[in-house]
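>>> structure, please.
(one chain, ligands or ions: 1)
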Amino acid sequence: MEKRKITIAEGDGIGKELMLACRNILEAAEAPLEYLPIRMGKEVYLEGMKSGIPAMAWDDMARTKVLLKGPITTPQGGGYKSLNVTIRKTMGLFANVRPVRAFAPYVKTHFPDMDLVVIRENEEDLYAGIEHQQTSEVVQCLKLVSRPGCEKIVRYAFEYAKAYGRKKVTCMTKDNIMKHTDGMFHDVFDQVKLEYPEIQTEHYIIDIGAARLATAPERFDVIVTLNLYGDIISDITAETCGSVGLGGSANIGKDFAMFEAIHGSAPDIAGKDLANPTGLLQAACMMLVHLNLPEHAHRIQNALFRTIEDGIHTADMKSEHTKHVVGTQAFAQAIIERLGQEPSHLVAVKPTNHALRLFEPKRRKVTKQLVGVDVFLDWDQDDRNPDILGRMLDELAGDALQLKMITNRGVKVYPYGRPETFCTDHWRCRFVAADSLLDEEHVNMLEAKGVAYTTALDLLERLTNAQLNFIKIENLYLIDGERAYSLGQGE
Ligand code: NAD
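Next up is the predicted model:
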């Protein structure tokens, strides 16, 4: 069989010992692979390469189309951007797939019947990483969600369910609060599900969904959700399954895919031969399926299950079924010795071809009508009394515009605010066309008056001349005649 060239990166911390264990198993299983090692991570950063990835490594990844990657250390707070996020976004890896299955009773878990897959949108949401400090007190992070982004991931989840014989897809969002961003994700889910009538569907608000996952994960099958929620719930599911050391994940794009364990670089146990290689090995098996080598993947997985059943465990898996606690390399050797065997209690994996169809989302054109602007001000005068600011802005609105409201952190404070509302130095001031009949709740029924861009620019000039410091503006649009912006709390 012709060998497939893949790129491998050991990464940081426990990465080196895990990659060694996995390669030994892959080679013993005669997986037809040729390895192209690349460097990335902390050492590369420390050598002064800010991105953490040498330029040539990008070309190697693009050429081989597949990367098996060890964990990478990301400094918290300041410092370098997460390399994992950089790779996902640069290479267009829109889907993060994390299957989680219990190994009960051999690995302790309260949920022996748990067997689910979290499919997480991987490129958008708060992970765009666009953050700004705008005033002395207020910092913002932009949550960006696109319709093509939602379509790609939701379709992928349904196609995955079909290919892997899964019965149900659950969507989780917070669209009771974020009606436009999370609302779009839910809306796309409701449309796409109509094309897969054979698959059951449901939607949960993420908070109750996460709570149910923590108490009854066996009721879920495939879960599709936005980036941040997916990040959190996939760690919850991995942990409730027994150990973060057990889970593998795939990051899938149109032309490239990256496979890695879900855990991090575990600096506390690095270099001690204590780490569990199961997560990276499960990721390597997902990679083999992706490369259309399912027989090799399933041979390795069955040997892994047999090893766990035989009570040969790394320290993190310890339970009353443990017979031998072994180190990373001895665990890999035990798997190698069991290649060709099947588990007798855990359900064996059957070789099937799980080729998935990927969809290009359709582009669509909409009509946009500008009906107002939100001007954000940095204002810290007059004891932050919103009535003083409001009266000033009423005057400055001019003939073409009217001040509709002022909010502080999203809560309406003018006109008719409450003295109890805490105000920072960051004010959102909503201007709409003067004498507009725009009724926010019934916007489709009334004639909304348009606003010219030049009118908004004139307003900004008047504000600046009045020594009012604007931070940014957001345009208020009707998109295809529908209100496409949120109301203020209490508006
Ligand atoms: P971590 O996953 O590295 O460790 C959490 C805990 O789990 C530690 O106690 C660790 O010893 C244990 N653990 C992790 N993997 C294990 C394994 N294979 N076997 C046995 N025990 C294991 O999470 P962290 O400490 O929050 O993060 C450490 C670093 O890893 C950070 O810099 C973080 O940014 C990075 N990280 C990278 C990735 C990635 O590369 N995809 C993912 C998560 C975290």
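>>> how about stretch 19-33 against the ligand, any contact?
No: Stretch 19-33 does not reach the ligand (Cβ under 6 Å from any ligand atom); its nearest approach is 10.2 Å. The way it works is simple: take the backbone N, C-alpha and C, and place the C-beta from them, glycine included.
>>> list the buried residues for that stretch?
With burial defined by 16 or more other Cβ atoms under 10 Å, the residues of stretch 19-33 counted as buried are 19, 21-26, 28-29, 31, 33.
>>> angles on the backbone of the closest residue to residue 238 other than its chain neighbours, please.
Of all residues not flanking residue 238 in the chain, residue 247 sits nearest, at 4.2 Å (Cβ to Cβ, 6 or more residues apart in numbering). Residue 247 adopts backbone torsions of phi -90, psi 140, taken as degrees, to the nearest 10.
>>> contacts for stretch 17-27 next, please.
Identification of contacts with stretch 17-27 by Cβ atoms under 8 Å, 6 or more residues apart in numbering yields 8, 10-11, 33, 35, 68, 70, 261, 270-271, 273, 275, 277, 279-281, 284, 296, 300, 328-329, 331-333, 335-336.
>>> convert the C-alpha atoms of it to PDB, please.
Written as PDB, here are the backbone C-alpha positions of stretch 17-27 (Å, rounded to 0.1, in the frame of the first residue of the first chain):
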ATOM      1  CA  GLU A  17       6.600  11.400  25.100                       C
ATOM      2  CA  LEU A  18       3.000  11.100  23.800                       C
ATOM      3  CA  MET A  19       4.100  11.400  20.200                       C
ATOM      4  CA  LEU A  20       6.800   8.700  20.700                       C
ATOM      5  CA  ALA A  21       4.200   6.300  22.200                       C
ATOM      6  CA  CYS A  22       1.700   7.000  19.300                       C
ATOM      7  CA  ARG A  23       4.300   6.600  16.500                       C
ATOM      8  CA  ASN A  24       5.400   3.300  18.000                       C
ATOM      9  CA  ILE A  25       1.800   2.000  18.000                       C
ATOM     10  CA  LEU A  26       1.100   3.300  14.500                       C
ATOM     11  CA  GLU A  27       4.300   1.700  13.100                       C
END
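>>> average pLDDT across it?
The predicted model gives stretch 17-27 an average pLDDT of 98.
>>> what does stretch 59-69 give?
Rounded mean pLDDT across stretch 59-69 is 96.
>>> buried stuff in it?
Buried residues in stretch 59-69, counted by 16+ other Cβ under 10 Å: 60-61, 64-69.
>>> hmm, that stretch in reach of the ligand?
No: Stretch 59-69 is not in contact with the ligand by Cβ under 6 Å from any ligand atom; minimum separation 7.2 Å.
>>> close to the ligand: what parts of the stretch 51-200 of the chain are there?
Residues of the stretch 51-200 of the chain lying near the ligand (Cβ under 6 Å from any ligand atom): 71-74, 84.
>>> circling back to that earlier point, residue 401: which of the buried residues of stretch 19-33 is nearest?
residue 19 (61.3 Å; Cβ to Cβ).
>>> in a helix, that closest one, correct?
Yes: under DSSP: H, G, I helix; E, B strand; the rest coil, residue 19 sits within a helix.
>>> tell me the pLDDT at the residue in the stretch 101-250 of the chain positioned nearest to the ligand?
Going by Cβ to the nearest ligand atom, the ligand is nearest to residue 245 of the stretch 101-250 of the chain, at 3.2 Å. With respect to pLDDT, residue 245 scores 83.
>>> quick check: it is in a strand.
No: Residue 245: not assigned to a strand; according to three-state DSSP it is helix.
>>> how close does residue 94 get to residue 251?
Applying Cβ to Cβ, to the nearest Å, the value for residue 94 to residue 251 is 9 Å.
>>> so what sits against both of these two?
Common contacts of residue 94 and residue 251 (Cβ under 8 Å, 6+ apart): residue 122.
>>> who has more neighbours, the two?
residue 251 (26 against 22; other Cβ atoms under 10 Å).
>>> quick one: name whatever helix or strand follows the helix or strand where the more buried one lies.
Secondary structure from DSSP states H and E places residue 251 in strand 248-252. Of the helices and strands lying after strand 248-252 in sequence (DSSP H and E), the nearest is strand 257-261.
>>> quick check: angle from that next one to strand 248-252?
Compare the direction of strand 257-261 with that of strand 248-252 by axes from the mean of the first three to the mean of the last three Cα atoms, to 10 degrees and you get 160 degrees.
>>> anything in strand 257-261 near the ligand?
Yes: applying Cβ under 6 Å from any ligand atom, one finds strand 257-261 in contact with the ligand at residue 260.
>>> now what about that strand, what contacts it?
For strand 257-261, the external contacting residues (Cβ under 8 Å, 6+ apart) are 18, 65-71, 84, 87-88, 91, 93, 245, 247-251, 279-280, 282-284, 286-287, 290.
>>> tell me how far the residue lying closest to residue 399 once chain neighbours are set aside lies from the ligand.
Closest residue to residue 399 apart from its sequence neighbours, by Cβ to Cβ, 6+ apart: residue 434 at 6.2 Å. The gap separating residue 434 from the ligand is 52 Å, by Cβ to the nearest ligand atom, to the nearest Å.
>>> quick one on the thing from earlier: the residue of the stretch 101-250 of the chain closest to the ligand and residue 281 touch, don't they?
No: the criterion here is Cβ atoms under 8 Å, and residue 245 misses it with residue 281 at 10.5 Å.
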